[in-house]
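K.L.:
Here's a sequence, model it:
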Amino acid sequence: MFIVTARLPKKRLLAGAAALCCCVLAVIALTLTLSGRAVTVSAEVKNVKDNNDRLSYLSGLGWQVSEQPIATEELLIPEEFDDSYQGYLKLQADQGFDLTQYRGKRVKRYTYQLTNYPAQDEPVQIALLIYKNRVVGGQIQSSSGSFLHGLTLPEAAPESGQPSPGPSAAGAMQVI
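P.N.:
A predicted model of the protein is given here:
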């Protein structure tokens, strides 16, 4: 039988325990961050590299969409925003997105058909703006253009069940 003994000063033992606790907390925080990244609509959701990532992001928001985008477009964010963009910029800012950071940049817009939008007779679409694998904006809109709102269902929808008409600058960006 072998017996090994060691003497550790209390300060070193406490420092080791504190380091171990920090490592455990970091792993827990990383796990929560990675598992919750698709649930929160916030500025620049990263690591959206392919269609499966986009579908996961939208699913995390509670949306069911077509398996493939119905449209994929490359857009040029203007260098200067005129007054027509103010409503659209506010819509994005209310979701935590800041399109002014992407002035003069090319973004991709992936548009999907929504299949679980509540109380709607006409087709509804959801679009994501992606820049270098980051969600930098997005909106939900009717195919006729009768309404436009953020990526989550507005809490105060009108009694008809439809959101009110929104800003129209989304279509004004230059398609490349």
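
K.L.:
Quote the end-to-end distance of stretch 133-149.
P.N.:
For stretch 133-149, the first-to-last residue distance is 23 Å (Cα to Cα, to the nearest Å).

K.L.:
avg pLDDT for it?
P.N.:
Along stretch 133-149, the predicted confidence averages to a pLDDT of 92.

K.L.:
And that stretch, what's buried?
P.N.:
Residues of stretch 133-149 classed as buried by neighbour count (16 or more other Cβ atoms under 10 Å): R134, V135, V136, G137, G138, Q139, I140, Q141, S142, F147, L148, H149. Where C-beta positions appear, they are placed from N, C-alpha and C, glycine not excepted.

K.L.:
cool, and stretch 57-65?
P.N.:
Taking 16+ other Cβ under 10 Å as the neighbour-count basis, stretch 57-65 is seen to contain the buried residues Y57, L58, G60, L61, W63, V65.

K.L.:
So which of these are in helices?
P.N.:
Y57, L58, G60 (DSSP state H).

K.L.:
Looking at the residues you listed, spot the one nearest D121.
P.N.:
L58 (21.8 Å; Cβ to Cβ).
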